[in-house]
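1. Can you look at this prediction? I've put the sequence above it.
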Amino acid sequence: MKNDSFLVAVKDLVKYFPVHAGVMRRKVADIRAVEKVSFGIRPGETLGLVGESGCGKTTVGRCVLRLYDVTEGKVYFNGEDITPLEGGQLRHVRRDMQLIFQDPYASLDPRMSVGDIIGEPLVVHHLVRRKDFKEHVEELMRMVELEPRMAPRYPHEFSGGQRQRIGIARALATRPKFIVCDEAVSALDVSIQAQIVKLLTELKKDLGLTYLFIAHDLSVVRYISDRVAVMYLGKIVEITDSDELYNNPVHPYTQALLSAVPIPSPEVDRQRTRIILTGDVPSPLFPPAGCRFHTRCPVAEAICRESEPELKDVGKEHWAACHLL
Amino acid sequence: MLEVRDLRTYFYVREGELRAVDGLRYTVSKGEFVALVGESACGKSVSALSIMRLIPYPPGIIVGGEIIFEGKDLLKLSEEEMRSIRGNRIAMVFQEPMTSLNPVLTVGRQIVESMELHRGLDRRTALEEAVKLLKQVGIPAPERRVNDYPYQFSGGMQQRIMVAMALSCSPALLLADEPTTSVDVTVQAQLMELINNLRTEFGTAVVLITHNLGLVARFADHVNVMYAGRLVESGPTDVIYGQPRHPYTGGLIASVPRLDLPRDRSIHVVPGLPPDLCRLPRNVCAFAARCGFAVKRCTEERPELEQVGSEHYVACFRHDEMGTLLEYDT
């Protein structure tokens, strides 16, 4: 994988969270949240990252932003290895990469006015002069279709969809190149979700942004992403162009995941075959040996219990990790 | 079997009178799968809690209407009579299993409670039944797990336990309030199949309260669409998805990205926000402010439900033209 054609890339990313127990708080085990994940995102591209809870998708997003220290592997931004950066150097890079959170209720400081929340990054990064501050905040608010006169109000006066707009405006303040959207539309109502999805798509076009779009809703991910990576228990099991993934999924997990999503059209939905998986996702404390999906896989064979499959190219830049391909 | 007539449940809060449910009516027949669809705060959960007579008072109160269930008006029953129906003839599955299960009792103890109460079983027989139920809802090693506490189960497993509990007295009606919102898609598929199988097996009628239009399309026979405490459209599932006649229904369906359609198809955006129920004027169409087709009349009168087809009802002044007006989405 050449790193210079990508705006963002990770190579063999590993992230373990230690588990401590006992009186001495000794380390007893690791939660293996992310295990050898590699991908790249080209400038102007949106990469979708889907998977069920606990699959490590959020951890990947936070490692990319260096909000977590990675256990192993490398993170590249603009061709530069940002894994060893610290302090001022890291802060400098972070101006170009921002995060939009899932929960617009928990991620905004209730004691700050909306204008101050949106403008805080401008102050932190010394981007504007005091006298231009108000004007900049108002411009940001207009970009996300919030009325600038609402700037003196506090977050509790806003609805969920409006709060998500505040979060987006704040993320845009530093004029970033890259934004990680972590379940950015998941907590919203259907009609509001459509509004925010549309806003994110328009902003991307107007400002030339690059997104890592993390979500569990496959329909939304497919709509917004150019390419999609599917994660299961800390590993990418399939990654390819968004249309290819939905038209021609090859990994049994991707197939099951797609078939589990009902289509909001009774006629269409009736024609689809459903693959119902049994059981829950195993604990990332003790991931199954061999292929991590074999405990729930409807087509698993002996080899799947023994060795772990690597991602292989099945054509047209379509990669999947399954022994049976 | 269930008939909700002109139900009105209001909450008296600091801001004033909040009409959470304001003149709701719908029916459910035996073994039918009915979906109650709408966005947050449209009154769909409050309407289910009203049927169970579980509205917290104060601030909430059922100010009017009738809820006829198996020939009796639930709103006229004494608290004691109601208790013999709740959990017995009508069961409910809530959205968050973690907050609905008692953390200090084993799941077995919680499942047998209603069987001892309503079916008069002794503890031993009831526990055997509980093991059977857990097995039926797909809990592995139920003999052992029946003695575990809720925290020892994952979210999906807890929701299965809620379903097992709801089915312990073979209810005639199951109210499922967003039963799969807190679980993953593959587990959602398992749970919904489970609820659907029990319906075909025992003839239990299901009212599914949800905002997931995909689930509704997959499972429901009949769809009721709610907006601001009232029904705006009601009809057989195929009709609602194929020929919606209310602009809100049409807009909602078109605003969901779909896996089966080309990716470059633009999604429809319903502009604006749901109304503030305390400030909503009484005699207008509640959706008019967000509606692309609103005319003068919509802000002067409130449209009532009108029959427009077999079992198809719409509350919109322009329902005649809506078929063609909504074409742009589909």
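-> Sure, I can see it. Because the structure is predicted, anything quoted here is derived from the model rather than measured.

2. going forward, measure contacts and count neighbours with C-alpha atoms only.
-> OK.

3. mind checking the end-to-end distance for stretch A:56-71?
-> 14 Å (Cα to Cα, to the nearest Å).

4. Report the mean confidence score over that stretch.
-> Averaged over stretch A:56-71, pLDDT sits at 93.

5. ok now do A:Phe59, which residues does it touch?
-> Heads up, residue A:59 is Thr, not Phe. A:15, A:33-34, A:68 (Cα atoms under 8 Å, 6 or more residues apart in numbering or on different chains).

6. near chain B too, which of those residues?
-> Near chain B, judged by Cα under 8 Å from any Cα of the partner chain, there are no entries from the contacts of A:Thr59.

7. Any idea how many residues pack against the residue of chain A found nearest chain B?
-> Closest contact between chain A and chain B, by Cα to the nearest Cα, is at A:Pro264 (3.9 Å). By the measure other Cα atoms under 10 Å in any protein chain shown, the count of residues near A:Pro264 is 23.

8. Quick check: residues of the stretch 51-200 of chain B near chain A?
-> Counting by Cα under 8 Å from any Cα, the residues of the stretch 51-200 of chain B close to chain A are B:156, B:184-190.

9. Could you say which helix or strand holds whatever residue of the stretch 201-330 of chain B ends up closest to chain A?
-> Distance from chain A to each residue of the stretch 201-330 of chain B (Cα to the nearest Cα) is smallest for B:Gly214, at 3.9 Å. Using DSSP states H and E, the element containing B:Gly214 is helix B:213-219.

10. list the helices and strands that helix packs on?
-> helix A:266-270, strand B:33-37, helix B:237-242 (3 or more Cα pairs under 8 Å, 6 or more residues apart in numbering or on different chains; DSSP states H and E).

11. Helices of the stretch 51-200 of chain B, start to end?
-> B:79-85, B:97-100, B:107-119, B:123-136, B:142-145, B:155-167, B:185-202 (DSSP state H, counting those that start in this stretch).

12. Could you tell me the least trusted of those?
-> Comparing mean pLDDT across the helices of the stretch 51-200 of chain B, the weakest is helix B:97-100, with a mean of 82.

13. From the contacts of A:Thr59, which land in helices?
-> Among those, the subset assigned to helices under DSSP state H is empty.

14. thinking again about what came up before, return the distance of the residue nearest to the residue of the stretch 201-330 of chain B closest to chain A when sequence neighbours are not counted relative to A:Gln193.
-> Spatially, and ignoring its direct neighbours in sequence, B:Gly214 is nearest to A:Pro264 (3.9 Å; Cα to Cα, 6 or more residues apart in numbering or on different chains). Distance, A:Pro264 to A:Gln193, by Cα to Cα: 16 Å.

15. And B:Thr200, by the same measure?
-> Counting by Cα to Cα - B:Thr200 and A:Gln193 are separated by 34 Å.

16. Looking at the two, which one has more neighbours?
-> Legend: neighbour count by other Cα under 10 Å for B:Thr200 and A:Gln193, higher for A:Gln193 (22 against 12).

17. Let's verify the spatially closest residue to that one that is not a sequence neighbour: helix, strand, or coil?
-> Spatial nearest neighbour of A:Gln193, chain neighbours left out: A:Val185 (5.6 Å); criterion: Cα to Cα, 6+ apart. Assigned by DSSP: H, G, I helix; E, B strand; the rest coil, the conformation of A:Val185 is coil.

18. burial of A:Val185, as a residue count?
-> 27.

19. can you pull up the bridge partners for the residue nearest the centre of chain B?
-> Compute the mean C-alpha point of chain B, and by Cα atoms, centre = their mean the closest residue is B:Ile209, 2.2 Å away. For B:Ile209, the beta-bridge partners are B:Leu36, B:Asp177 (DSSP bridges).

20. That one against B:Val46, yeah?
-> No. Applying Cα atoms under 8 Å as the test, B:Ile209 and B:Val46 come out as separate, 10.5 Å apart.

21. In the longest helix that chain A contains, which residues are buried?
-> Looking across chain A with DSSP H, the single longest helix is helix A:190-207. For helix A:190-207, a neighbour-count test (16 or more other Cα atoms under 10 Å in any protein chain shown) marks A:190-201, A:204 as buried.

22. ok, now how distant is B:Val63 from chain A?
-> 28 Å (Cα to the nearest Cα, to the nearest Å).

23. mind listing what that residue touches?
-> B:Val63 touches B:7-10, counting by Cα under 8 Å, 6+ apart.

24. what about 7 Å?
-> With Cα atoms under 7 Å, 6 or more residues apart in numbering or on different chains as the criterion, the residues that contact B:Val63 are B:8-10.

25. Same check on A:Ile263?
-> Contacts for A:Ile263 were tallied using Cα under 7 Å, 6+ apart; they are A:269, B:214, B:258-259.

26. hmm, 10 Å instead?
-> Going by Cα atoms under 10 Å, 6 or more residues apart in numbering or on different chains, A:Ile263 touches A:219, A:269-270, A:272, B:212-218, B:256-261.
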